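Novice: give me a 3D structure for the following:
(one chain, ligands or ions: 1)
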Amino acid sequence: MSGPTAVGPRVAIIGAGLSGLAMAMAMQDAGMQGFTIFEKAQDVGGTWRENQYPGLTCDVPGRFYQFHDAPNPDWSHRYAAGWEIHRYIRRVVSDRGLAPHIRFGSEVTEARWEDDHWHLRTSDGDEHTADVVVAATGVLHQPRLPSIDGMATFAGPSFHSARWQHDVPLEGKRIAVVGTGSTSAQIVGALAGTASHIDVYQRSRHWVVEMPNPRYSRLTRALLRRFPRLNMLGYHAHRAVLFDWLAQGVVEPGLARRVFQGIARRNFAKHVQDPELRAQIEPDYPPLCKRLIIAPNYLTALQRPDVDLVTEHIDRIEPEGIRTRDGALHRADVIVYATGFDAAAFMRPMAITGRDGLTLAEAWEDGPRAYRSVALPGFPNLFTLQGPHSPVGNYSLVRIAETQVHFVMEWLRQMRAGEITAVAPREDATDAYYRDLRAAIPNTVWDTGCRSWYHDAEGNVQLWPWTAKRHREMLAHPIPEHFEIERPAVADAALSPSG
Ligand code: NAP
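Specialist: Numbering: from 1, shown residues only. Below you'll find the predicted structure:
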């Protein structure tokens, strides 16, 4: 990266997914061109590049899953397919001329704060210096494979859902899908009827809402293209009615929660009328506790003759298939592990060292934490997008990223104006924030008797326990007293009483 410029601080953005690109666009809009995006892969898109499994669809409506300043009139359906979102992201990169800022194939392996700057090392051996680092490395980023005896002995292909092997033919094959989360529901719905047989391995139960995915007519798309404001009307309607209200329901007991839970229970009962199947899959905890699965045809697929739900736990994997604890061998040609991700990885395995040699491993010894989801005590000028305790529960990640980007921009503007050089949240302000956060957790629906990636190994909820509106409010303006701020020598002199 070149040296500091008059157009603002030099910012290293790590990751060219939706969050990293939101950061880049905000800097562009503010006339700050001094940013470089480090991307480990050869393409943009983050999760929408990495996940390419059959049936991949975003269960947040496209109208709400797009950049605020780049509304897309061309979503084909209410819930956009993964490839469509990926195409949209690529188009935004092209329209906004962001490609020259991106270093592809450049994974940041190390970031060290030294001499008031960040020193980065990348997988290609290069070194870079930046004033600010914005980690936009995603939430669910490191696939988690189970550890089951005999996995390596399986004779056919097997892979994690986020590492789909497109060269493996599935037509007419017996497919085992391990896991019953959102990913599994989409894969099973898409492959039912193509495979000769699917076995779905359930370890614990999930609430599922079967929701149709209507296509937008040509007329609708033409109207949205002609009148972009209509698109934004859809955006605001979704935000107000669905997400702000739903978000309130998940963090506070009351009417919104009762309404959404009632809808989920009724939808489930309507789609699973077979009492035997219902007894096997209906959860004994309230809806919304784990992430609600919204899928167009999963419950219907489970009731097909060529799809079996296996509730017996897996004992081991053998060359011919999966042996369950009751001794039965379930033959399979292909095994798909839809077993989720390490939700506590965040920026890791990148080695990050802050002030006075403090490592991220030391700072997060008791688990990931960040001031209001965006900044870490002891790590000056390091900001996280979708960081620890971000409001990722049933909300649009794009909107969350934009809220966090707004907060980072507040600091970048002060740096460009020469008012400050470095900033990090105070330890006591972060402690106080976490006291409030822990006190709010018992109000949330995630604390009502289930376990999922929303919890840490001890069962503590790892999400933002307030509304998304509160997230916007808490990140609207930085509170200077909550931060250790370093100012340039000349600004210090001007601010001091004798200066
Ligand atoms: P997930 O929700 O963590 O589900 C993983 C599944 O694998 C669970 O059913 C889990 O069982 C099972 N599992 C894990 N380890 C296992 C083992 N050793 N043996 C047997 N089963 C095992 O992961 P995901 O489905 O990939 O979804 C993760 C998140 O990604 C979602 O919650 C959502 O936020 C996001 N996502 C979003 C969309 C979208 O449309 N926007 C689509 C897909 C995913 P337990 O239930 O017992 O833990």
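
Novice: host element of the residue sitting nearest the centre point of the chain?
Specialist: Taking CA atoms, centre = their mean, the centroid of the chain lies closest to residue 139, which sits 4.2 Å from it. Using DSSP states H and E, residue 139 sits in no helix or strand.

Novice: quick check: pLDDT value at it.
Specialist: On the pLDDT scale, residue 139 is placed at 90.

Novice: now it: closest residue in space that isn't a chain neighbour?
Specialist: residue 386 (4.8 Å; CB to CB, 6 or more residues apart in numbering). Quick note: C-beta positions are derived from backbone N, CA and C, even for glycine.

Novice: just checking, the one you found touches residue 138?
Specialist: Yes. With contact defined as CB atoms under 8 Å, residue 386 counts as touching residue 138 (6.3 Å).

Novice: which one's more surrounded, the two?
Specialist: More neighbours surround residue 386 than the other of residue 386 and residue 138, with 26 against 23 (other CB atoms under 10 Å).

Novice: the more buried one and residue 223: what is the separation?
Specialist: Remark: distance between residue 386 and residue 223 (CB to CB, to the nearest Å) = 33 Å.

Novice: please apply the same query to residue 16.
Specialist: Per CB to CB, residue 16 is found 32 Å from residue 223.

Novice: so between those two, which is more surrounded?
Specialist: Legend: neighbour count by other CB under 10 Å for residue 16 and residue 223, higher for residue 16 (28 against 14).

Novice: quick one: contacts for that one?
Specialist: Residues near residue 16 by CB atoms under 8 Å, 6 or more residues apart in numbering: 37, 39, 44, 45, 46, 93, 102.

Novice: and for residue 386 and residue 138, which residues touch both?
Specialist: Shared contacts of residue 386 and residue 138, defined by CB under 8 Å, 6+ apart, are found at residue 19.

Novice: count the neighbours of residue 74 for me.
Specialist: With other CB under 10 Å as criterion, residue 74 counts 15.

Novice: give me the spatial nearest neighbour of it, chain neighbours excluded.
Specialist: residue 221 (5.9 Å).

Novice: and for residue 208?
Specialist: The shortest distance from residue 208 to any non-neighbouring residue, by CB to CB, 6+ apart, is to residue 293 (4.4 Å).

Novice: phi, psi of the one you found?
Specialist: With angles defined as degrees, to the nearest 10, residue 293 sits at phi -90, psi 120.

Novice: separation between it and residue 205?
Specialist: Here residue 293 is placed at a distance of 11 Å from residue 205 (CB to CB).

Novice: now do residue 427
Specialist: Between residue 427 and residue 205 the computed distance is 41 Å (CB to CB).

Novice: who's more crowded, the two?
Specialist: For residue 427 and residue 205, the more surrounded residue by other CB under 10 Å is residue 205, and the numbers stand at 16 against 12.

Novice: that one reaches residue 278, doesn't it?
Specialist: No. Between residue 205 and residue 278 there is no contact under CB under 8 Å: 10.6 Å.

Novice: any weak-confidence spans in this structure?
Specialist: 1-7, 238, 242, 394, 490-499 (pLDDT under 70).

Novice: up against the ligand, what does it have?
Specialist: Listed as neighbours of the ligand in the chain under the rule CB under 6 Å from any ligand atom: 57-60, 140, 146, 178-184, 186, 201, 203-204, 291, 314, 338-340, 452-453.

Novice: tell me the contacts of residue 415?
Specialist: 8, 9, 131, 132, 421.

Novice: between the residues you listed, which is nearest residue 457?
Specialist: The shortest approach to residue 457 among those belongs to residue 132, at 32.3 Å (CB to CB).

Novice: any idea how far that closest one lies from residue 460?
Specialist: 31 Å.

Novice: and if you look at residue 256?
Specialist: Using CB to CB, one gets 24 Å for the distance from residue 256 to residue 460.

Novice: more neighbours, these two?
Specialist: Per other CB under 10 Å, whichever of residue 256 and residue 460 has more neighbours is residue 256, with 17 against 13.

Novice: secondary structure element for that one?
Specialist: Using DSSP H and E, residue 256 falls within helix 255-271.

Novice: if you count neighbours, what's buried in the helix or strand just after that helix?
Specialist: Moving toward the C-terminus from helix 255-271, the first helix or strand encountered (DSSP H and E) is helix 275-281. For helix 275-281, burial by neighbour count (16 or more other CB atoms under 10 Å) applies to residue 281.

Novice: which residues sit against helix 275-281?
Specialist: By CB under 8 Å, 6+ apart, the residues outside helix 275-281 that reach it are 202, 205, 206, 208, 269, 272, 302, 303, 309, 311.

Novice: and the longest helix belonging to the chain, which residues are buried?
Specialist: Ordering each helix of the chain by length in residues (DSSP state H) puts helix 397-416 first. By neighbour count on 16+ other CB under 10 Å, the buried set for helix 397-416 is 397-405, 407-409, 411-412, 414-416.

Novice: what is the end-to-end distance of stretch 62-70?
Specialist: One end of stretch 62-70 to the other measures 12 Å (CA to CA, to the nearest Å).

Novice: residue 308 contacts residue 200, doesn't it?
Specialist: Yes. The criterion here is CB under 8 Å, and residue 308 meets it with residue 200 at 7.1 Å.

Novice: more crowded one of those two?
Specialist: residue 200 (26 against 14).

Novice: that one: what secondary structure?
Specialist: Classification of residue 200 using DSSP: H, G, I helix; E, B strand; the rest coil returns strand.

Novice: all numbers from here: first residue = 56
Specialist: Noted, 56 is the first residue going forward, which turns the last one into residue 255.

Novice: who does it form a beta bridge with?
Specialist: residue 232, residue 364 (DSSP bridges).

Novice: thought it was touching residue 236?
Specialist: No. Assessed by CB under 8 Å, residue 255 is found out of contact with residue 236, at 11.1 Å.
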